[in-house]
Structure formats: structure tokens, C-alpha cells
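J.: Could you look at this predicted model? Sequence included:
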Amino acid sequence: MTTSEDISRCVPAHDAQALPVAQAQAIVRRWAQPVATAERVGLRASLDRVLAEDVISPIDVPSHDNAAMDGYAFDGAVLADPAPGPAELELEVAGQALAGHAFTGHVACGQCVRIMTGAPIPAGCDTVIAQEQTVRTGERIAFDARKISRGANCRRAGEDLARGRAALSAGRIVRAADVGLLASLGVAEVAVHRRLRVAFFSTGDELRSVGEPLDAGCVYDSNRYTLGAMLARLNVEALDLGIVRDEPAALEAALRSAASCADVVLSSGGVSVGDADFTRRLFETLGDVGFWQLAMRPGRPLAFGRLWPTHRDDDLRPALFFGLPGNPVAVMVTFYQFVREALLAMSGAKVEAPLQLRATSSTPIKKRPGRTEYQRGVATRAADGTWLVAPTGSQGSGVLSSMSRANCLIVLAHEQGDVAAGTPVEIVPFDGLI
């Protein structure tokens, strides 16, 4: 079990008020350890789960040599030493092979078998000529032997997947194609990591849930709904703990309760420097702080560390804690830059960075060096196939509608300054991410 002293040694010396994004991401990766528990689930329940062990193929795929297309199967030896004279080759049709109905007769020299796609290659045959390349007259076919080589159009047993080989590797998130692949192997169930438990809540006396009356000076809480939707895409067990008041006792109770029932705790709001923000003080007494402030926009106030459920005990596994900003856009940006990868890693998945593309900015973009910025953008394809991108307009971290209009994030590096129109920038498309 990792001790508090071990955890603190993982954190490099840094300015907690201006930690660069790359350093903060490295700390999160260091602390986000996979859950060890695994379970076996049926094939239909495996979609979007993370494999806990390799799936070994119990059979060859395909299980037998078979035709890759409709045509005629024959012994390709007749192509090796063609008889003198015209290139046209004639063969007698000796029978027919269908998928699920093999031809079991004898194929003599100079004969062929009418064969359908997927049907087993008859004994003594090793080549298939496509139907459209032949001319059939009665029970004979003719074709140009120069247009085919021996072994053509035959799929060999095990060429897709050999018996005893790994069909899918541990750490893979099972997708629809994988479910089909497993079914093709006759695999009825697989071992997967248990679903990660993620508790989340919002803080703020001004917040109201959807459906409640909106009192003067209050706003509807969108962050819990946004977080719930983003967590649903990751197939975790999401525990919505509601809205917590800006009071030390209420916050402490919420943090302790969340840490006792979840692997990861997410809060939104209560991590800035306002007088009513108690989360930081509580967090410093209840857990281990990794960092608190980042050199990024939006999302500067982001708390990260580990949270102990009741008291510091090296026999207990602490919950990973992310204290996200209160502004709606900052919640989404910080989730995708820090939380998403941590949840995938803790779920046992092999984490791949989101797709990042190069695009040309069609407008100037203001940017201050010394922090990483994530601006909402709309990317389009130019006539020549290259990508163009423009900000959605106001980049205020409370303008959630601009996130809804955007289809990507424009990533402006830590040391980068103002961007002139026509300058290449990096973008992260939302498709496949959100």
C-alpha cells in the first residue's frame, strides 16, 4: 500500500499557484492506479467494459480454407506449366460447393468446382477464379490463365486469427466490433475490471436543481448534469450526491461520504480563493494535496489529490479527488484534460491520447504566454481537404452555450502568444471525445 510519505514524494517541487498543465497531468498519471477487482460478464454485457485479461482464441479463424468470392475452385498446378498455344484454359465443372455445404467428391486434373463465397475449398484445389472472369458453356468454363496466379482468392484457415493467439488484449475497451469478434470465436463470457465508482457533487448556496423554484440571486446547477453525461460516456458507476451548501460541516460530511463509497470524487465549485470556499482547507486536513492552481485557462482553480474516507490508514485505499472549478466551461475542459484519462487508467484501460489535428486559424486569437489555453472552436474542412478553425466567440468560462456550439477545442501551448490569422494551431475534435 502506498503511504502518504510515498505520495508526497511523487509530487515534484513546483509553484502551486502556476503549475504547468504538462506537469499536473504527469502527477495525475502517477497517482491514477487501476482498481484490482475483476469479474466475469456475459458477452452482451461486455460492451464498453475493460478487459482484465487477454482473450485467447480457442479456434482458427477462419476455421477452414474457404473461397473469398463466388467463382470456380481448381488445382492451380495447371497454371504453372501451361500447355503450348493460346492462354485460354478450359476446365470441366465437377460439382458445386456452398457455404455450409462442402463438395466432398474428387476433383480430377482438368476439373473445377463451382464455389460460393465462404464455402470450404475442395480437397485438391488451391485457387479460385472469379465468376466474372470466366465464360461458361454447359458444364465447362474457359478463362484467360494469364490473369490469375496460383492460390488466388483463397482465405486460409487461421489467417485472420490462429488458435492459441490473443484475440483481444487486457486493457482493451470492448467495442461493438469486439463483441462480434468474440461471438465468432464462440466466447460466451470475458473477464473485465469492475466498473469504477465515481461520486460527484456541486457546491454553492446559490445553486438549485432542475425542477426547483429559482430564487432571486440563484442559478440552476448545470455542472452535475454535465458531469453525469460525461461520466456516462466512460461507462463508470456514477453516484450523484447532489448540491452541498457552502458550510464547513456540510462539505466535510460530503467529502467523507463520497470517499467512503467511491474510487474517485469529483466536486465542482468551492476551489477558488473566495471567502466562502472551504474545500481547500478541508481537503488539506482530510487528504493529500497534489496541486491546487494551474497555469491554464479556463480551469486555473483545480484541486487534485487523494482523499481518506475516515482517517489516515495505510491499509485503506484513498479515493482520488478532483476539485473542479465552478464555471461550466472550465468543468468540461478540466474534465477532459485531467479527469478522463485518470478514470480510464483506473478502470484498467490502455489510455490513448485524444486525437489532435493541425488546423489553420481563420481569425486572430488573443493569447497570453505563460499558460495553456483551451478555446472553444468550430473546425471546418477547406476545399483542399485541410482544416480551418475559428473561435466560437466569447471565451468566458461561464458561457456554456459556446461549448455547445463548438465542435473542437483549440489548444494554445504554454509559451505561445497571440495567434495571427492564417497561423497553424492544434485542435482536439469533440467527436469521439464528448
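T.: Nice, I can see it. Numbering: from 1, shown residues only.
J.: Please give the element, helix or strand, for T285.
T.: According to DSSP states H and E, T285 maps onto helix 279-286.
J.: Could you list every helix and strand in contact with that helix?
T.: Counting contacts by 3 or more CB pairs under 8 Å, 6 or more residues apart in numbering; DSSP states H and E, helix 279-286 packs against helix 248-261, strand 301-307, strand 319-324. Using the backbone N, CA and C atoms, a C-beta is placed for each residue, glycine as well.
J.: Recalculate using a threshold of 10 Å.
T.: In terms of contacts (3 or more CB pairs under 10 Å, 6 or more residues apart in numbering; DSSP states H and E), helix 279-286 is packed against helix 248-261, strand 287-293, strand 301-307, strand 319-324.
J.: so of those, which one's packed in deepest?
T.: Ranked by mean neighbour count, the helices and strands packed on helix 279-286 are led by strand 319-324 with a mean of 27 (mean count of other CB atoms under 10 Å).
J.: Sheet partners, orientation included, of it?
T.: strand 264-268 (parallel), strand 301-307 (antiparallel) (DSSP bridges).
J.: Reformat these as a markdown table; add distance to R29.
T.: Below are these laid out as a markdown table (distance: least, CB to CB, whole Å):
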| stretch | distance to R29 |
| --- | --- |
| strand 264-268 | 14 |
| strand 301-307 | 11 |
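J.: Just send these back as a markdown table, with mean pLDDT and distance to Q293 too.
T.: Output for those, formatted as a markdown table (pLDDT from 0 to 100; distance: least, CB to CB, whole Å):
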| stretch | mean pLDDT | distance to Q293 |
| --- | --- | --- |
| strand 264-268 | 95 | 16 |
| strand 301-307 | 90 | 6 |
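J.: wait, which of the ones you listed is closest to S401?
T.: With CB to CB as the measure, strand 264-268 is the member of the strands paired with strand 319-324 nearest S401 (18.1 Å).
J.: what's the angle from that closest one to helix 248-261?
T.: 150 degrees (axes from the mean of the first three to the mean of the last three CA atoms, to 10 degrees).
J.: Put the alpha carbons of strand 264-268 into PDB.
T.: Taking C-alpha atoms only, strand 264-268 is exported to PDB below (Å, rounded to 0.1, in the frame of the first residue of the first chain):
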ATOM      1  CA  VAL A 264     -12.900   8.900  -7.400                       C
ATOM      2  CA  VAL A 265     -14.600  12.000  -6.000                       C
ATOM      3  CA  LEU A 266     -15.400  15.000  -8.200                       C
ATOM      4  CA  SER A 267     -16.700  18.300  -6.900                       C
ATOM      5  CA  SER A 268     -17.400  21.400  -8.800                       C
END
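J.: quick one, it and strand 287-293 angle?
T.: Using the same axes, to 10 degrees: strand 264-268 against strand 287-293 is 40 degrees.
J.: ok, and for strand 264-268, which residues are buried?
T.: For strand 264-268, the neighbour count (16 or more other CB atoms under 10 Å) marks 264-268 as buried.
J.: how about the residues you listed in CSV, adding distance to A152?
T.: Formatted as CSV, these follow (distance: CB to CB, whole Å):
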residue, distance to A152
V264, 55
V265, 60
L266, 57
S267, 63
S268, 61
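J.: so which of those residues comes closest to V107?
T.: For those, the nearest to V107 is V264 (63.5 Å; CB to CB).
J.: Which strand residues bridge the closest one?
T.: Going by DSSP bridges, V264 forms beta bridges with V198, L320.
J.: which SS state does V128 fall under?
T.: strand (DSSP: H, G, I helix; E, B strand; the rest coil).
J.: Please name the bridge partners of it.
T.: Applying DSSP bridges, one finds that V128 bridges with A73.
J.: distance of it from D75?
T.: Using CB to CB, to the nearest Å, one gets 11 Å for the distance from V128 to D75.
J.: which one of these two has more residues nearby?
T.: Each of V128 and D75 has its neighbours counted (other CB atoms under 10 Å); V128 has more, 28 against 20.
J.: what residues are up against the more buried one?
T.: Contacts for V128 (CB atoms under 10 Å, 6 or more residues apart in numbering) come out as 66-74, 76, 112-113, 115, 117, 119, 121, 148, 151-155.
J.: let's see 7 Å
T.: By CB atoms under 7 Å, 6 or more residues apart in numbering, V128 lies in contact with 67-69, 71-73, 115, 152-154.
J.: now do H414
T.: Taking CB under 7 Å, 6+ apart, one finds 20-21, 295, 370-372 in contact with H414.
J.: Buried members of the residues you listed into ChimeraX, please.
T.: Only the buried entries of the contacts of H414 go into this ChimeraX selection, using 16+ other CB under 10 Å:
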select :20,21,295,371,372
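J.: and the contacts of H414, which of them are in helices?
T.: V21 (DSSP state H).
J.: Make TSV out of the contacts of H414 and add pLDDT and distance to A420.
T.: Below are the contacts of H414 laid out as TSV (pLDDT from 0 to 100; distance: CB to CB, whole Å):
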residue	pLDDT	distance to A420
P20	94	24
V21	95	23
A295	94	23
G370	92	19
R371	93	19
T372	95	19
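J.: picking up where we left off before, of all the strands paired with strand 319-324, which lies closest to S57?
T.: Closest among those, using CB to CB: strand 264-268, at 34.5 Å.
J.: who touches that closest one?
T.: Strand 264-268 is contacted from outside by 196, 198-203, 223, 227, 255, 258-259, 279, 307, 319-324, 326, 331, 339, 343, 346, using CB under 7 Å, 6+ apart.
J.: Helices of the stretch 1-150 of the chain, start to end?
T.: 4-10, 21-31, 77-80 (DSSP state H, counting those that start in this stretch).
J.: Would you single out the least confident of those?
T.: Ranked by mean pLDDT, those bottom out at helix 4-10, with a mean of 43.
J.: Which of the contacts of H414 sits closest to L185?
T.: Out of the contacts of H414, the member with the shortest distance to L185 (by CB to CB) is V21, at 42.3 Å.
J.: check contacts around the closest one.
T.: Counting by CB under 7 Å, 6+ apart, V21 has contacts 294-296, 337, 372, 414.
J.: V35: which of the residues you listed is nearest?
T.: Looking across these and measuring by CB to CB, the closest to V35 is Q337, at 22.3 Å.
J.: start to end distance for stretch 323-336?
T.: 14 Å (CA to CA, to the nearest Å).
J.: neighbouring contacts of that stretch?
T.: Here stretch 323-336 has contacts from 204, 222-223, 226-227, 230, 266-271, 279, 283, 298-299, 301-303, 374, 397-400, 403, 433, using CB under 7 Å, 6+ apart.
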